[in-house]
Structures are given as structure tokens and as C-alpha cells.
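A.B. asks: Dropping a prediction and its sequence here:
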Amino acid sequence: MSDKIILLVEDNPDDEALTIRALKKNNILNEVVVARDGEEALEYLFGTGRYEGRDTSVQPQVILLDLQLPKLSGHEVLKRLRADKRTELQPVVILTTSSEQADITSSYEHGANSYTRKPVDFNQFIEAVKQLGLYWLVLNEAPARRRDD
């Protein structure tokens, strides 16, 4: 499992630390790359800006995407991922505090693979992260990466 990268797109330092702690507590030792806004997430995925020259043939196994982000919202990030052949099949799990039906519906309309609300209770959060890790990093078969057309 540890060779599969997780991209965590999270602007809240407390939620970032909590997510990384929950991953470690569940023995999910994968490399976690953190993007703190939507723009940085896209730069990482497409190898632009501050990630210019990054080997984009190595992509995350899963993206854990918050919705409320500075610069570019999670919904906008998701739309741009789905609009590009290189990332249109990239597994994306929305990991957010929002329980708004509009956010849930919009996330699925824009191609999210899953929508998970962050539990407030740490033990529940640990269990949620355990299930996410088990499914997305162990059980799920990701599609082969498309080459640039």
C-alpha cells in the first residue's frame, strides 16, 4: 500500500493534521502530498507552477478533496479534473464538513467518486479514514492512466 500516493487537498491546518494522524493510526503509511488550496492541487496534478517539472506520470491513487478552499473551490477543482483527459478518471473522494444537499448533489454531478462528511468525533473520524483507506488504497482497482492525446 505504501507506494500509492494520497493527495490531500485541505486548507485547514487542524483538519490536515487530524487526517494525517488518522491515516497513521490506521497504519496507512502512504506518502501524503498536501495541497492547501485548489490552485495548488491543480498545479501538483498537472505539473505546473510550483510543481513545474514534476513527473506527472506518477499520480495519486486517490485525491481527498475538501470543498471550501481558497483560490479555487473543491467543486471547481473537480470540474477541471473531469474536463482533462489526463485526470478525467482520477479517483476523487470529497472529504468535507458540509452536509448541504446542494454540495452533495453538485459533487456527484461533477464526477466525484465518493462524498464523505468529516465526523466531529475523532474516533468516528479514525474509523471513516480506515474505511476510506481500505477501499481506495487496497480494494479499488484504479483505471490505467491515459496518455496525453
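C.D. replies: Structure's in. What do you need?
A.B. asks: so which strand or helix has the residue nearest to residue 25 when sequence neighbours are not counted?
C.D. replies: Nearest-residue entry for residue 25: residue 126, 5.4 Å, with adjacent residues in sequence omitted and distances by Cβ to Cβ, 6 or more residues apart in numbering. For glycine as for every other residue, the C-beta is placed from the backbone atoms N, C-alpha and C. Using DSSP states H and E, residue 126 falls within helix 122-133.
A.B. asks: Give me the local confidence score for residue 116.
C.D. replies: Looking at residue 116, its pLDDT is 87.
A.B. asks: Settle this for me: it is touching residue 92, isn't it.
C.D. replies: No. Under the criterion of Cβ atoms under 8 Å, residue 116 makes no contact with residue 92, lying 11.2 Å away.
A.B. asks: out of those two, which sits in the more crowded spot?
C.D. replies: Taking other Cβ atoms under 10 Å, residue 116 and residue 92 do not tie; residue 92 has more neighbours (27 against 15).
A.B. asks: Next up, the contacts around the more buried one.
C.D. replies: 62, 63, 65, 78, 81, 111, 112, 113, 114 (Cβ atoms under 8 Å, 6 or more residues apart in numbering).
A.B. asks: Could you export those as a markdown table, including distance to residue 18 and secondary structure?
C.D. replies: Output for these, formatted as a markdown table (distance: Cβ to Cβ, whole Å; DSSP: H, G, I helix; E, B strand; the rest coil):
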| residue | distance to residue 18 | secondary structure |
| --- | --- | --- |
| 62 | 18 | strand |
| 63 | 18 | strand |
| 65 | 16 | strand |
| 78 | 22 | helix |
| 81 | 24 | helix |
| 111 | 26 | coil |
| 112 | 21 | coil |
| 113 | 22 | coil |
| 114 | 19 | strand |
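A.B. asks: ok, and the most crowded of the residues you listed?
C.D. replies: Going by other Cβ under 10 Å, residue 63 tops the contacts of residue 92 with 30 neighbours.
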